[in-house]
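**Q** Got a predicted structure plus its sequence, pasted below:
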Amino acid sequence: MKSRMSRVLLVALCLALAPVIRAHAADEIVVALQGWGQRFDPPSMVSLAELTDYGLAFDGLFDLGPNGKEPGLATEWKVAANALTIDFTLRKGVRFHNGDPFTAEDVKFTFERIIAADGTHSYRKSFQEAIEGVEVLAPDRVRFHLKKPWATFFTAARNALQPIVPKKYYERVGQKGFQKAPVGTGPFKFVSMQTGEYTRYVVNPDYWGPAPAARAVTLRLVPEPLTRLAMLERGEADVIDGVTGPLLEQVKKNAKLKVVITPHAGTSFLEFNRETNPEFKDRRVRLAVAHAIDRKGIADTVLGGVCEPSRGPFTPATFGYVAGLPEVRYDPERARALLKEAGVAASAPVNFVIHTTPFPSLPSAPQVLEAVAGQLEAVGFRLHRQTFESGALLTAWRSHKLPGISYGTYSIPDDGGLLMEGWFMSTGNFWNHIQVPEYDQLFKRQLNEGNSERRAAILQAWARLESQRLEAVPLFWCGAPFAVGARVAEWRPGLGIGYPLGFHRMKLVSH
């Protein structure tokens with residue numbers, strides 16, 4: 001009796017301490033996320049992860065759809081023959097959430113604030129290097145004057161999707177006031193937020209696009225994965241993110257839940273430090289690494305079908321992608337023979353990086369990298385595992401000091417030139433151990449090419465060359481996985497980026 005009473009009291013105490021989840025209306029979406037920014041100052045964007053919020057309340061000149069980037073606040077554009085000016089025709093009749101009309105002045109203000117001397121936008125340098133100035137030609141026409149061809153304006157999320165803010169309102173309330181009450185032109189209007197807990201939006205009745213089915217969206221911060229799953233199963237959430245590993249398996253077991261994947265939201269590859277380990281200058285050794293890895297097996301088991309074996313760094317959603325590149329097959333016997341041929345069968349231990357937390361472009365990263373390490377050891381490599389948490393790994397990437405074998409990863413691989421710049425150039429932002437003059441030459445050519453078709457051809461030429469040289473070993477193309485509950489009838493997130501979620505396109509089950 002005493003034991004039963006204790007259990008009753010324990011259950012009552014747990015219920016009393018449990019967070020109160022507000023029952024939501026039939027036309028409201030509740031989204032449980034493992035983390036997001038809650039920052040509302042697009043001209044001072046810190047991370048592209050902020051597009052989770054921005055995609056609800058704001059529009060850029062371009063927006064992101066299930067087939068890639070599509071017209072947003074810009075309906076037409078013309079690049080000059082010398083690629084040093086871009087004229088945009090803007091969408092007419094659009095109003096900000098506070099009723100102010102959207103005009104070219106707002107576009108000019110947004111971009112000039114980004115490039116201002118006191119600007120704090122994370123990609124401010126690249127905007128400054130490209131933009132000479134922004135000129136208003138008419139209320140619905142704006143001209144960008146460029147210092148050089150801006151090859152990535154239309155193709156890179158950090159440029160094309162840059163949210164536009166209202167000049168008059170922003171100047172009146174200031175940066176702090178805008179953070180408290182942000183105003184955009186997007187499909188949903190900001191209502192309220194509690195730092196570290198939730199952000200709530202309601203539908204914008206004057207939205208210029210098709211009317212969303214959802215009348216409200218609430219984003220909730222729920223770091224613990226099993227709590228997110230429990231909320232989804234109980235109907236307290238309609239969408240959860242971070243659905244990988246055991247959580248993914250649990251979702252698959254529930255017939256009432258569905259997995260939705262943002263395709264090709266990340267790419268990954270193995271990189272080699274040729275200074276600490278000169279043997280990786282030999283293509284045969286790099287090819288041995290490629291043959292040693294069972295990508296299909298890891299994708300099907302460890303990654304649960306969220307990722308697929310890649311045939312190069314560029315995904316099918318990357319500008320510059322070329323189809324038909326050969327895949328290096330899993331062949332451990334061939335790997336052993338190549339190592340013996342190269343004279344490194346009995347090599348000294350090689351440091352191998354194990355990232356201790358999942359990364360957006362490689363879900364279940366610790367388990368994946370441990371599986372890869374085991375397969376490399378099976379063909380004769382002697383590995384010394386080095387563990388890095390995310391902060392330390394990012395620091396090491398930027399300082400180019402990771403020894404031996406490490407993995408490169410790109411969370412938004414939408415532009416091939418930016419991916420090259422980060423990982424494959426002699427002056428790479430994240431990796432500079434690949435010293436191939438032809439790579440640097442092709443990169444400079446595409447950077448200064450204003451014609452998109454010619455630029456794509458240059459990037460494709462590089463992709464073919466890298467497929468032959470194998471300076472880095474491709475691993476996986478991964479999607480950003482979500483799970484949805486029974487109230488969601490249909491939802492197609494944007495292509496190639498796991499942050500703008502496109503809830504205005506979501507269809508709900510009618511009752």
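**A** Sure thing, it's come through.

**Q** Any stretches of the protein with poor pLDDT?
**A** In the predicted model of the chain, residues 1-24, 345-347, 511 satisfy pLDDT under 70.

**Q** Let me see the domain layout of it.
**A** Domain ranges of the chain: 28-257+485-508, 265-478, per automatic domain parsing.

**Q** any chance of those in JSON lines, plus mean neighbour count?
**A** No exception for glycine: its C-beta is placed from N, CA and C like everyone else's. Formatted as JSON lines, those follow (neighbours: other CB atoms under 10 Å):
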{"stretch": "domain 28-257+485-508", "mean neighbour count": "19"}
{"stretch": "domain 265-478", "mean neighbour count": "19"}
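
**Q** contacts for the lengthiest helix in the chain?
**A** Longest helix of the chain, by residue count under DSSP state H: helix 452-469. Helix 452-469 is contacted from outside by 151, 154-155, 283, 311-314, 319-322, 325-326, 416-417, 420, 424, 436, 438-439, 442-443, 445-446, 449, 472, using CB atoms under 8 Å, 6 or more residues apart in numbering.

**Q** so where do the strands sit in the stretch 201-350 of the chain?
**A** Shown for the stretch 201-350 of the chain, the strands assigned by DSSP state E, counting those that start in this stretch span residues 216-221, 239-241, 258-272, 307-309, 350-355.

**Q** The stretch 401-511 of the chain: strands as residue ranges?
**A** Using DSSP E, counting those that start in this stretch, strands in the stretch 401-511 of the chain cover 405-410, 473-484, 488-490, 507-508.

**Q** elements contacting the longest one?
**A** What that stands for is strand 473-484. If contacts are counted by 3 or more CB pairs under 8 Å, 6 or more residues apart in numbering; DSSP states H and E, strand 473-484 sits against helix 225-233, strand 239-241, strand 258-272, helix 283-292, helix 295-300, strand 307-309, helix 365-378.

**Q** Partner strands of that strand and their direction?
**A** strand 239-241 (antiparallel), strand 258-272 (antiparallel), strand 307-309 (antiparallel) (DSSP bridges).

**Q** quick one, phi/psi of residue 158?
**A** Note on residue 158: its backbone torsions stand at phi -70, psi -20 [degrees, to the nearest 10].

**Q** quick one: it from residue 218, how far?
**A** Distance, residue 158 to residue 218, using CB to CB, to the nearest Å: 27 Å.

**Q** How about residue 179?
**A** For residue 179, the distance to residue 218 (CB to CB) stands at 19 Å.

**Q** who touches residue 377 in this structure?
**A** Counting by CB under 8 Å, 6+ apart, residue 377 touches residue 383.

**Q** Could you do residue 285 as well?
**A** For residue 285, the contact set (CB under 8 Å, 6+ apart) comprises 279, 338-339, 342, 344.

**Q** what about 7 Å?
**A** 279, 339, 342, 344 (CB atoms under 7 Å, 6 or more residues apart in numbering).

**Q** Just these: which are in helices?
**A** In helices, defined here by DSSP H, the members of the contacts of residue 285 are 339, 342.

**Q** Looking at the contacts of residue 285, which one is closest to residue 255?
**A** Nearest to residue 255 out of the contacts of residue 285 is residue 339 (CB to CB; 47.6 Å).

**Q** Looks like that closest one contacts residue 286 (just checking).
**A** No: using CB atoms under 7 Å, residue 339 is not in contact with residue 286, being 10.9 Å away.

**Q** related to what we said a few turns ago, I'd like the contacts of residue 285 laid out as CSV, including distance to residue 135.
**A** Converted to CSV, those look like this (distance: CB to CB, whole Å):
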residue, distance to residue 135
279, 55
339, 60
342, 58
344, 59
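
**Q** closest one to residue 496 among the strands of the stretch 401-511 of the chain?
**A** For these, the distance to residue 496 is smallest for strand 473-484, at 9.4 Å, taking CB to CB.

**Q** Go ahead and produce CSV holding the CA coordinates of the closest one.
**A** What follows is strand 473-484, C-alpha atoms only, in CSV (Å, rounded to 0.1, in the frame of the first residue of the first chain):
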residue,chain,number,x,y,z
VAL,A,473,37.2,11.2,-51.1
PRO,A,474,33.4,11.8,-51.4
LEU,A,475,31.2,10.3,-48.6
PHE,A,476,27.5,11.2,-48.6
TRP,A,477,24.8,13.5,-49.9
CYS,A,478,22.4,14.0,-47.0
GLY,A,479,19.0,15.3,-46.5
ALA,A,480,17.7,17.2,-43.5
PRO,A,481,15.2,14.8,-41.8
PHE,A,482,11.9,15.8,-40.1
ALA,A,483,9.0,13.9,-38.8
VAL,A,484,5.4,15.0,-39.1
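
**Q** now that strand against helix 283-292, angle please.
**A** Angle, strand 473-484 to helix 283-292, by axes from the mean of the first three to the mean of the last three CA atoms, to 10 degrees: 30 degrees.

**Q** Check the offset of strand 473-484 from the chain's centre.
**A** Here strand 473-484 is found 10 Å from its chain centre; the criterion is CA atoms, centre = their mean, to the nearest Å.

**Q** give me phi/psi at the residue lying closest to residue 79 once chain neighbours are set aside?
**A** Once flanking residues are discounted, residue 79 sits nearest to residue 86: 5.3 Å by CB to CB, 6 or more residues apart in numbering. When read as degrees, to the nearest 10, the backbone of residue 86 gives phi -130, psi 120.

**Q** And residue 154, by the same measure?
**A** Per degrees, to the nearest 10, the backbone of residue 154 is at phi -90, psi -20.
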